[in-house]
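In: sequence below, structure please.
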Amino acid sequence: MNSKVENIYQLEGRVPVSKAIPFGLQHILAMFVANIAPIIIVAGACGLSSKDMAMLIQSAMIIAGIGTIIQLYPVWRLGSGLPIVMGISFTFVSIFCYIGPAYGYEAIIGAVLIGGLAEGILGLLAKYWTRFITPVVAASVVTAIGFSLLSVGAASFGGGSGSADFGSAKNLILGGITLACCIGFNIFAKSFWKQLSVLFGLVVGYVVAAAMGMVDFSALSDASVIALPKLMPFKPVFHPGAIVSVFLIFLVSATETIGDTSALASSGLGRDVKAKETAGSIACDGFISSLSAVFGCLPITSFSQNVGLVAMTKVVNRFTLLMGVIIMILAGLFPIFGTLLATLPDAVLGGCTIMMFGTIVVSGIQMISRCGYSQRNISIVALSLSVGIGFTQVPEIFSIFPQIVQNVFAENCVAVVFLVAIICNLILPKDMESKSEKAD
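Out: Here you go, the predicted model:
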């Protein structure tokens with residue numbers, strides 16, 4: 001391997017385009033399904049048309065590409081300079097599936113616009129507050145995110161909430177075939193190909209769905225071949241409850257970004273992350289999310305899938321990732337591509353995502369394990385998860401609180417877990433073990 005090709009394992013340096021493209025494309029393929037899945041889920045919950053869904057997919061690929069470029073090559077104090085790949089965040093799916101049906105998709109856009117600006121500013125001020133987001137708080141939140149998404153995956157698996165044929169045999173069979181393909185590919189594929197198991201399941205599931213007559217291709221006839229994304233396709237509505245709840249999830253997203261940035265510096269570069277890199281990464285998340293809202297799309301954040309890919313392959317070269325990003329942006333300029341993806345049946349999406357969501361739960365548990373099972377950590381995790389998940393299963397328990405509090409917390413377990421974990425982390429004594437030993 002010549003020196004230029006070896007540069008794929010270095011942050012800086014040029015790599016031959018013929019080598020950079022496949023390695024860069026691998027990163028895009030690893031996050032491709034996860035990038036469009038939140039849009040399909042949220043758009044379906046909000047009752048958007050296939051045409052609107054296709055437009056959002058188109059915007060998502062372009063905005064994710066722009067965000068990734070800024071992470072790779074920082075602008076002012078925005079961006080980390082690390083090989084971080086950006087995409088539509090799953091973290092917000094559960095709250096959007098509540099806000100959208102309740103207040104409309106326009107309320108989601110308004111909340112993302114404000115919340116993104118707030119996270120961006122917080123990123124610029126990161127050195128003043130990141131000490132409060134300890135690893136055990138982040139671990140509790142990630143675990144809660146996974147649990148909150150399980151019902152979303154199950155609903156898609158059954159054919160989509162509210163669909164006339166929900167839970168029908170054909171939906172369950174289609175979801176089962178898709179899931180089996182994902183698992184089988186993950187078992188038998190070698191090396192980095194394992195990262196494409198979800199994409200493989202999606203392709204096979206889509207082909208099977210088409211053969212079963214479950215794919216509606218009628219929207220393709222009206223799709224243009226090439227077009228620019230639309231500016232403000234949805235007029236933002238600024239609903240106070242939606243803004244507060246989404247802002248809380250932006251704080252959650254920031255904790256995930258901190259974890260992703262730290263993990264990438266450690267596993268990919270073999271060093272600790274720098275404070276400047278963490279601040280730039282969070283700021284990029286926030287401001288790019290607001291830009292995404294301007295184009296009618298959902299929040300953008302760093303992708304953990306790609307952090308895992310870096311850890312496995314050690315490919316960290318920024319130019320290499322740039323080649324993949326350029327391909328993604330070009331794909332976003334062709335609306336017919338997004339229209340085709342928008343025809344994806346819910347059952348196929350459910351088969352692809354149900355295991356993905358379960359993996360998020362496992363990731364949270366692994367994070368808890370790395371924090372250690374001290375009495376203090378166990379107390380924080382146990383209380384935040386039991387209150388956050390338990391109370392939101394019976395939202396009537398919040399009935400004595402003002403309506404805005406109910407809107408934010410009653411059915412949003414992630415927000416409750418985050419709040420309880422933060423409070424516990426602040427008030428529980430650091431030396432709980434020593435106090436307990438003295439009491440004995």
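
In: show me the strands in the stretch 101-250 of the chain, by range?
Out: For the stretch 101-250 of the chain, no strands are identified by DSSP state E, counting those that start in this stretch.

In: so where's it uncertain?
Out: 191-192, 195 (pLDDT under 70).

In: kindly report the same for the stretch 301-440 of the chain.
Out: 305, 312, 434-440.

In: need phi/psi at I300.
Out: Backbone torsions of I300, given as degrees, to the nearest 10, read phi -110, psi 140.

In: how close does it get to A37?
Out: For I300, the distance to A37 equals 14 Å [Cβ to Cβ, to the nearest Å]. Every residue, glycine included, has its C-beta placed from N, CA and C.

In: what sits against the spatially most central residue of the chain?
Out: Nearest to the geometric centre of the chain sits S89, at 2.6 Å (Cα atoms, centre = their mean). In this structure, S89 makes contact with P38, S253, L298, P299, I300, T301, judged by Cβ atoms under 8 Å, 6 or more residues apart in numbering.

In: from those, keep the buried residues only.
Out: Those of the contacts of S89 that meet the buried threshold are P38, S253, L298, P299, I300, T301, by 16 or more other Cβ atoms under 10 Å.

In: T301: helix or strand, and which one exactly?
Out: Assigned by DSSP states H and E, T301 belongs to strand 300-302.

In: after that strand, which helix or strand is next?
Out: helix 304-313.

In: who's in contact with W193?
Out: By Cβ under 8 Å, 6+ apart, the neighbours of W193 are F185.

In: how about the residue nearest to the centre of the chain: what's its closest non-neighbour residue?
Out: Among residues not flanking S89 along the chain, T301 sits closest, at 4.0 Å (Cβ to Cβ, 6 or more residues apart in numbering).

In: hey, what's that neighbour bridged with?
Out: For T301, the beta-bridge partners are G87 (DSSP bridges).

In: by pLDDT, rank the buried ones among the contacts of S89 and give me the bottom one.
Out: Least confident of these in the model: S253, at 85.

In: can you classify that one by secondary structure?
Out: The local conformation at S253, judged by DSSP: H, G, I helix; E, B strand; the rest coil, is helix.

In: contacting residues for V17?
Out: V17 touches M323, counting by Cβ under 8 Å, 6+ apart.

In: how far away is it from I327?
Out: From V17 across to I327, the span is 12 Å (Cβ to Cβ).

In: could you give the angle of the host helix or strand of I258 to helix 304-313?
Out: According to DSSP H and E, I258 maps onto helix 240-269. Interaxial angle of helix 240-269 relative to helix 304-313 (axes from the mean of the first three to the mean of the last three Cα atoms, to 10 degrees): 10 degrees.

In: I108 and R370, how far apart?
Out: 34 Å.

In: my bad, should have said V198
Out: 25 Å.

In: kindly report the same for S218.
Out: According to Cβ to Cβ, S218 and R370 sit 50 Å apart.

In: ok so, going back, among the buried ones among the contacts of S89, which one lies nearest to G358?
Out: P38 (16.5 Å; Cβ to Cβ).
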